[in-house]
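1. no sequence on this one, just coordinates:
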């Protein structure tokens, strides 16, 4: 009963900021006891689950030990009961109910209708308000002939839009600077660390190579969030621009983002309270965009209260944060695990939500993006520094690691994982991606609560035998880079498939394992798998392996990589019963007639993502593929044979957003027909060494946002310039040649 009461109190008040110091202290005590309850429940569940996995003989031998363990848990529960009674007594004696009510609790629960089709795009030019004057001024300074070296400082109070202005300028102008880099400077970033960041951004090469790259070339370097000489002091937005920006967020579903008449008075009052600060305006607009009119007044009254004790930006961010549900707060707080300038992937944040179904975690993430708490830039999730500070804990943190649930060490300098990791029985997530770890300890089998093990791009070749005993494991992500330049056929290699893999019946993601004699048999019991990546496949493996993969009802992503460049893969037996398969990656030679096999005949129209490497498709791979995979949004061809001319016929690939063409040595020219690629956003043509002509019709790709034309024929760049292509392609924000 007391535990239920305490849980309700925590959910009701959450992490709301109460102005009453006594009430805040009491909430701190409640939270401390609640965490102890959660810990003891986790400990009890762990030992009970452990008992169910042990045979009778082992149970009998450990009988005395088990008695001691459960007796200690009983004593701990009794002690917690005493603490709960003390907390309740403290509330009854010292606190009134009004001290525990925050203004934001008066907000009604509103059913929010959101589009879940995908992530929103980066802020478009037409959605930027009031920056044109400053952007032109900065652009003029960039091309000033007065100095060889120029330092421009953009400063102003928090939330004024400094990073937005400079980001927009940087994306527009970086194409004109052969060497460019954007670096976030933390508050305590020493000079040597800053220099290392800079070197990594421009290529992380040897001194002689760096000197050659920089010599007689223009460089554009942006240092963002510098704490500490032409100088630009930004001013807040004026009234009309501020109101326009607010309406674009608050009324984004209305035609022309127009403010309804009944909202004009309250909207003007709210915008006035933002004092022209773009971050504040965008945040409050996003918060209000799905609330009814009556809630606007309540929010405005709370905003005035917040402004009496906080600066304008923090007040509005606090308001937006307090309006989050408990699930959304937990998702948002995971952002504090990452450094300020660290790019976060959608997959990482979804997997970090330990007790949340993947589908719900996806919705939570989308909700935070729509609320402007998170931003999406080039498919990477970022957090504004001001918003990120909200994710940093205000409460005292328990320094004991015994009940740790998330251990994220990716990109760190760790080289060895200690055996003692097996004592962290409550771990749900281990992240060691891009580290130099060479092996995992056998004690990993003690982590019975582990859901995600991410050891991609490490040096680990083989998993511990006990890994198959971690029966709650859902995501196993493992491979190592053999060639970071990705020039070799097997530039990444999967781990050896462990014996007893079939024990992991809750597994959803298996990336990447090498094929073994019994892998097909092991996979027959893993019917929860959504994503499967298999390496080192030979021709003799294909029939049995693909027949098993075809029986998986939830399969959505599949990668097959051949043993070597000469191995021929026959996909004839691959005919999945799953209707969810949308991502297919094949690395290796195809058997003749592959496009007539069921994987393309029955599933081709469902595929959204297709990446092919080192295979033979015929004279014109684009023309051959187009009728079989009409609904692709992503297509990558790497080292695929071709005739000298690639043709994108009129109307082909109507949904394609990204096209990557790499290392196709036979291609000398490209033709793009009228109406081809009508939705293309990214076109990446890289290392087509014989391509010496500008792709015919490329200027017709009006939806294009990024165009890379790199490492082509020596004469290509000259021809591009003499043909006036920069003028013809002005509609493309980013061009790299």
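-> Ah, there it is. Model, not experiment: these values are computed from the prediction. Numbering: from 1, shown residues only.

2. quick check, pLDDT for residue 524.
-> pLDDT, the model's per-residue confidence, is 94 for residue 524.

3. look up the residues forming beta bridges with residue 584.
-> Taking DSSP bridges as the rule, residue 584 bridges to residue 558, residue 610.

4. so it sits against residue 608, correct?
-> No - Residue 584 lies out of contact with residue 608 (Cβ atoms under 8 Å); the separation is 9.4 Å. From N, CA and C alone the C-beta is placed, and that goes for glycine too.

5. of these two, give the one with the bigger neighbour count.
-> With neighbours defined as other Cβ atoms under 10 Å, residue 584 and residue 608 compare such that residue 584 has more, 23 against 18.

6. what's the more buried one in contact with, if anything?
-> 558, 559, 599, 607, 609, 610, 611 (Cβ atoms under 8 Å, 6 or more residues apart in numbering).

7. state the pLDDT value of the second one.
-> Read it as residue 559. Per-residue pLDDT puts residue 559 at 97.

8. each with direction, which strands does the helix or strand harbouring residue 660 pair with?
-> Per DSSP states H and E: residue 660 is located in strand 658-662. In its sheet, strand 658-662 lies beside strand 634-638 (parallel), strand 682-686 (parallel), with partners assigned from DSSP bridges.

9. tell me what the helix or strand where residue 272 lies is packed against?
-> Counting by DSSP H and E, the secondary-structure element that holds residue 272 is helix 264-273. If you count contacts as 3 or more Cβ pairs under 8 Å, 6 or more residues apart in numbering; DSSP states H and E, helix 264-273 packs onto helix 239-250, helix 278-288, helix 293-307.

10. average pLDDT for the strand holding residue 660?
-> Strand 658-662 carries an average pLDDT of 95.

11. show me which residues of it are buried.
-> Taking 16 or more other Cβ atoms under 10 Å as the neighbour-count basis, strand 658-662 is seen to contain the buried residues 658, 659, 660, 661, 662.

12. can you give me how far it is from the chain middle?
-> Average the C-alpha atoms of strand 658-662, do the same for its chain, and the two points are 22 Å apart (Cα atoms, centre = their mean, to the nearest Å).

13. got a list of contacts for that strand?
-> Outside of strand 658-662, the residues that reach it under the criterion Cβ under 8 Å, 6+ apart are 611, 633-639, 646, 653, 667, 677, 680-688.

14. among the residues you listed, which ones are buried?
-> Using 16+ other Cβ under 10 Å as the burial test, those include 611, 633-639, 646, 653, 667, 677, 680-688 as buried.

15. coming back round to it: figure out which of the strands paired with strand 658-662 is closest to residue 458.
-> Each of these was scored for nearness to residue 458 using Cβ to Cβ, and the closest is strand 634-638 (24.0 Å).

16. next one: the closest one to chain centre, how far?
-> With Cα atoms, centre = their mean, you get 21 Å for strand 634-638.

17. by contact count, what packs against the helix or strand that that strand is followed by?
-> Note on strand 634-638: by DSSP H and E, the next helix or strand toward the C-terminus is strand 645-648. Of the remaining helices and strands, those touching strand 645-648 by 3+ Cβ pairs under 8 Å, 6+ apart are helix 621-625, strand 669-672.

18. ok, which of the ones you listed comes nearest residue 728?
-> Closest to residue 728 of those, according to Cβ to Cβ: strand 669-672, at 13.0 Å.

19. any idea of the mean pLDDT for that closest one?
-> Strand 669-672 shows a mean pLDDT of 94.

20. if we look at that strand, which residues are touching it?
-> By Cβ under 8 Å, 6+ apart, the surrounding residues in contact with strand 669-672 are 644-648, 685, 691-693, 695-698, 700-701.

21. what are the buried residues along that strand?
-> Neighbour-count burial for strand 669-672, counted by 16+ other Cβ under 10 Å, picks out 669, 670, 672.

22. then stretch 469-484?
-> So for stretch 469-484, counting by 16+ other Cβ under 10 Å, buried means 469, 470, 473, 474, 475, 476, 477, 478, 479, 480.

23. how about stretch 720-737?
-> Here stretch 720-737 shows 720, 725, 729, 732, 733, 735 as buried, counting by 16+ other Cβ under 10 Å.

24. columns distance to residue 283 on top of those residues, output as JSON lines?
-> Supplementary listing: the buried residues of stretch 720-737 in JSON lines, determined by distance: Cβ to Cβ, whole Å:
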{"residue": "720", "distance to residue 283": "42"}
{"residue": "725", "distance to residue 283": "40"}
{"residue": "729", "distance to residue 283": "35"}
{"residue": "732", "distance to residue 283": "31"}
{"residue": "733", "distance to residue 283": "25"}
{"residue": "735", "distance to residue 283": "33"}
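
25. for residue 668, give me its contacts.
-> Applying Cβ under 8 Å, 6+ apart, one finds that residue 668 lies in contact with 644, 645, 690, 691, 692, 693.

26. now the residues you listed as JSON lines including pLDDT and distance to residue 150?
-> Supplementary listing: those in JSON lines, determined by pLDDT from 0 to 100; distance: Cβ to Cβ, whole Å:
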{"residue": "644", "pLDDT": "87", "distance to residue 150": "46"}
{"residue": "645", "pLDDT": "90", "distance to residue 150": "45"}
{"residue": "690", "pLDDT": "93", "distance to residue 150": "40"}
{"residue": "691", "pLDDT": "93", "distance to residue 150": "36"}
{"residue": "692", "pLDDT": "90", "distance to residue 150": "37"}
{"residue": "693", "pLDDT": "91", "distance to residue 150": "37"}
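
27. quick check: residue 86 vs residue 497, distance?
-> Note on residue 86: its distance to residue 497, by Cβ to Cβ, to the nearest Å, is 54 Å.

28. tell me the pLDDT at the spatially most central residue of the chain?
-> Ranked by distance to the mean C-alpha position of the chain (Cα atoms, centre = their mean), the top residue is residue 345 at 1.6 Å. Per-residue pLDDT puts residue 345 at 75.

29. flag every buried residue along stretch 538-554.
-> Of the residues in stretch 538-554, those buried under the neighbour-count criterion (16+ other Cβ under 10 Å) are 541, 542, 545, 546, 548, 549, 550, 552, 554.

30. now flag whichever of these is closest to residue 150.
-> Top of the list for closeness to residue 150, among the buried residues of stretch 538-554 and by Cβ to Cβ, is residue 554 at 56.0 Å.

31. what sits against the closest one?
-> The neighbours of residue 554, taking Cβ under 8 Å, 6+ apart as the test, are 508, 527, 528, 529, 530, 578, 580.

32. would it count as being in a helix?
-> No - with DSSP: H, G, I helix; E, B strand; the rest coil as the criterion, residue 554 is assigned coil and is not in a helix.

33. that one and residue 528, how far apart?
-> For residue 554, the distance to residue 528 equals 7 Å [Cβ to Cβ].

34. which residues do those two both contact?
-> Shared contacts of residue 554 and residue 528 (Cβ under 8 Å, 6+ apart): residue 508.

35. picking up where we left off before, closest to residue 567 among the buried residues of strand 669-672?
-> Closest approach to residue 567 among the buried residues of strand 669-672 (Cβ to Cβ): residue 670, at 30.0 Å.

36. what about that closest one, distance to residue 676?
-> Using Cβ to Cβ, one obtains 11 Å as the distance from residue 670 to residue 676.

37. and residue 639, by the same measure?
-> Distance, residue 639 to residue 676, by Cβ to Cβ: 23 Å.

38. much appreciated, bye for now.
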